[in-house]
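>>> whatever this is, show me its structure:
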Amino acid sequence: MDAVRQTIASEGPRGLYKGMGAPLATVAAFNALLFTVRGQMEALLRSEPGAPLTINQQVICGAGAGVAVSFLACPTELIKCRLQAQSALADSGSAAVAVKYGGPMDVAKHVLRSEGGIRGLFKGLIPTMAREVPGNAAMFGVYEGLKKFLAGEKDTSELGRGSLIVAGGLAGASFWLSVYPTDVVKSVLQVDDYKNPKFSGSVDAFRKILASEGVKGLYKGFGPAMARSVPANAACFLAYEVTRSSLG
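Residues are numbered from 1 along each chain as shown. Below you'll find the predicted structure:
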């Protein structure tokens, strides 16, 4: 709440939406890729068409989907994190924000020009994968497990929208519960100064955060992440199921 108050005081309500352009532009592609790869993995693991998968197989499908979406999530989140953090970095005197970013495309152009080209946009890919692979494995495993639990003796296709919302929301919570520290590591690497980096890599970032801030530092921002993830994933899974049903 203090972060909300200070952001509004210094930047107005618009400051709360800083960095929205990149994820907004790619969220449809991200979810299309996530659910498509997961569907292809399901087809590969089925013993015969239409056969239900076990929870363990759903976990594998989620992990496979996580690998695929990492390559889209990494540059998108690098742009988002740079925009969201630039005010704080400017106050700290970091050289990383010697150039004030005007928007998502400005960040992308600056990175391509000054930070190693395309490779610069994929800074933080390893921790992104370390988040997306186990995170999506947990999320899809929990989602399918909760659907089966809520359906009881019925088929999961008969579940109402309320049950799908509950399953989707709790599945989203399981994502962050399982991988949040890796997201913190990813974020600090992506906003790190390119010319004078504080961290040499993911392991170094993990160790330095742990040494300077303790375990608490690895969970900084956990509350807002959960507050976002539960309703966002509840809506996402409901939309997926309703769309899938309408398409037959």
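
>>> counting neighbours, what do you get for V188?
22 (other Cβ atoms under 10 Å). C-betas here are computed from N, CA, C, even on glycine.

>>> what's the separation between it and T128?
13 Å (Cβ to Cβ, to the nearest Å).

>>> from memory K208 sits against K198, does it?
Yes: K208 is in contact with K198 according to Cβ atoms under 8 Å; the separation is 7.2 Å.

>>> what ranges do the helices span in this protein?
Shown for the chain, the helices assigned by DSSP state H span residues 2-11, 21-45, 55-91, 104-114, 118-121, 125-151, 161-190, 202-213, 222-246.

>>> can you put those helices in TSV and add mean pLDDT?
Shown next, in TSV, are the helices of the chain (pLDDT from 0 to 100):
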stretch	mean pLDDT
helix 2-11	90
helix 21-45	90
helix 55-91	90
helix 104-114	91
helix 118-121	94
helix 125-151	96
helix 161-190	96
helix 202-213	96
helix 222-246	94
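
>>> excluding chain neighbours, give the residue nearest to T7 in space.
With Cβ to Cβ, 6 or more residues apart in numbering as the criterion, T7 has its nearest non-adjacent residue at 4.5 Å, and that residue is G15.

>>> tell me how far the one you found lies from S114.
25 Å.

>>> same question, F222
Relative to S114, and taking Cβ to Cβ, F222 is found at 32 Å.

>>> compare neighbour counts for these two and give me the winner.
Taking neighbours as other Cβ under 10 Å, F222 and S114 compare with F222 leading, 16 against 13.

>>> list the contacts of the closest residue to that one other than its chain neighbours.
For F222, ignoring the flanking residues on the chain, the nearest one in space by Cβ to Cβ, 6+ apart is Y180 at 5.6 Å. Each residue near Y180 by Cβ atoms under 8 Å, 6 or more residues apart in numbering is listed here: L218, Y219, F222, A225.

>>> quick check: Y180 vs A9, distance?
Between Y180 and A9 the computed distance is 28 Å (Cβ to Cβ).

>>> which residue is most remote from the mean position of this protein?
What lies farthest from the middle of the chain is E153; by Cα atoms, centre = their mean that is 33.7 Å.

>>> give me the phi and psi for it.
phi -80, psi -10 (degrees, to the nearest 10).

>>> contacting residues around T128?
Contacts for T128 (Cβ under 8 Å, 6+ apart) come out as S70, A73, C74, E77, K186.

>>> do that again at 6 Å, thanks
With contact taken as Cβ atoms under 6 Å, 6 or more residues apart in numbering, T128 is in contact with S70, A73, C74, K186.

>>> of these, just say which sits nearest to L45.
S70 (20.5 Å; Cβ to Cβ).

>>> just give me the neighbour total for C74.
If you count neighbours by other Cβ under 10 Å, C74 ends up with 22.
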